[in-house]
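# Build the 3D model from these lines:
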Amino acid sequence: MPELPETETIARDLDEEIRGAIIEGVTVLRHDVLREEDDAGFARQLTGAQITKVWRRAKLIVLDVSADDDTRHLVVQPRFTGGLFIERDATPAEIGDYVCLSLPLADGRRLHYRDVRRLGTVALMSTARFAEYSGALGPEPLDPALGDTELSVLLRASRQPVKVALMDQRRLAGVGNIYANEALFWAGIDPSREARSLSFDEVSSLRQALCTVLTASIAARGTSFRDYRDARGERGRFVEQLAAYGRAGAPCARCQRRLVGTHAIDGRSTVFCPSCQR
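Alright, predicted model coming up:
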């Protein structure tokens, strides 16, 4: 489930708390989450390395690590139920369940990757490999360089339903099901419409709605339905502000007509107002 706001929240927290920390060792408990390296190679390259920065790209959490003047990138893709958290005395006991790997830090703390369904991945990449990997992803929706014109070009090249196009990580990075639903609701656009059918004004409204929703969710530390927790083990609060996602059958916030839920567009839950979204 973690999308842009959730991974941004985790990355910001980790950067504030563990930037500069030394990784003292590696414990791999679930081997199937690793990519690019085997257990031994993963541990060898990380042990003794310093965490120099933690940041986000798309739905990824990226830890830049440095050892012997060589910088590598620890790339965590949480997918549906994954997440990073720092072990503390006050961490809820259930958060410690489903830990897949642990990084003991020299200051005595431990950084854990937890994943209930183990659909997420953890990969250690060289700078060149990460540049190739990141280059296959689309632009960031909150990047000021992505204006109405740029988004219009991206969407109008697609015959897919606009909701599907928004979630295509090669086209636009970081947007998933929750925020595609929300942005399309506030922009008044039917999620089943072909992306190429949107007028320039509709694209402009959609970009503004998307930026507003993503920014508001980051401020609320993300959306928690089931498994998502931030790096402190706490739940996100944006669920209280959702207008569409998860509200099928509830009244529309604008016209009070009942919201409709369907899985017909892309096999995922889509909620929209048949009156307000055209």
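# what bits of this protein have low per-residue confidence?
1, 89-96 (pLDDT under 70).
# Show me where it has its helices.
4-18, 39-46, 127-135, 148-156, 162-167, 177-187, 200-219 (DSSP state H).
# Buried residues in the fourth one, which are they?
Right, the one you point to is helix 148-156. Across helix 148-156, burial judged by 16 or more other C-beta atoms under 10 Å covers 151, 152, 154, 155, 156. Heads up, the C-betas are built off the backbone N, CA and C, glycines and all.
# ok, so of those, who is nearest residue 190?
Within these, the smallest distance to residue 190 is 13.9 Å, found for residue 155 (C-beta to C-beta).
# Which one of the helices of the chain lies nearest to residue 61?
Among the helices of the chain, helix 4-18 sits nearest to residue 61 (C-beta to C-beta), with 5.1 Å.
# domains of the chain?
For the chain, automatic domain parsing gives the domain ranges 4-135, 148-272.
# Span of the shortest one from start to end?
Okay, so that is domain 148-272. 23 Å (C-alpha to C-alpha, to the nearest Å).
# where's it relative to the chain centroid, distance-wise?
Offset of domain 148-272 from its chain centre (C-alpha atoms, centre = their mean, to the nearest Å): 13 Å.
# Was I right to think residue 120 contacts residue 84?
No. With contact defined as C-beta atoms under 8 Å, residue 120 does not count as touching residue 84 (10.0 Å).
# Which one of these two is surrounded by more residues?
Between residue 120 and residue 84, counted using other C-beta atoms under 10 Å, the more crowded position is residue 84 (27 against 21).
# From what I see, the more buried one and residue 76 are in contact.
Yes. Judged on C-beta under 8 Å, residue 84 makes contact with residue 76 at a distance of 6.1 Å.
# circling back: I'd like to know which of the buried residues of helix 148-156 is nearest to residue 130.
Nearest to residue 130 among the buried residues of helix 148-156, with distances taken as C-beta to C-beta, is residue 154, at 23.0 Å.
# which residue packs closest to the closest one, ignoring adjacent ones?
residue 171 (5.3 Å; C-beta to C-beta, 6 or more residues apart in numbering).
# from what I can see residue 49 touches residue 65, true?
Yes. Contact criterion C-beta under 8 Å: residue 49 and residue 65 qualify, at 4.2 Å.
# which residues are in contact with both of these two?
Residues touching both residue 49 and residue 65 (C-beta atoms under 8 Å, 6 or more residues apart in numbering) are 23, 72.
# Neighbours of the residue nearest to residue 119 when sequence neighbours are not counted, how many?
Distances taken as C-beta to C-beta, 6+ apart put residue 79 closest to residue 119, at 4.4 Å, once the chain neighbours are dropped. For residue 79, the neighbour count with other C-beta under 10 Å is 15.
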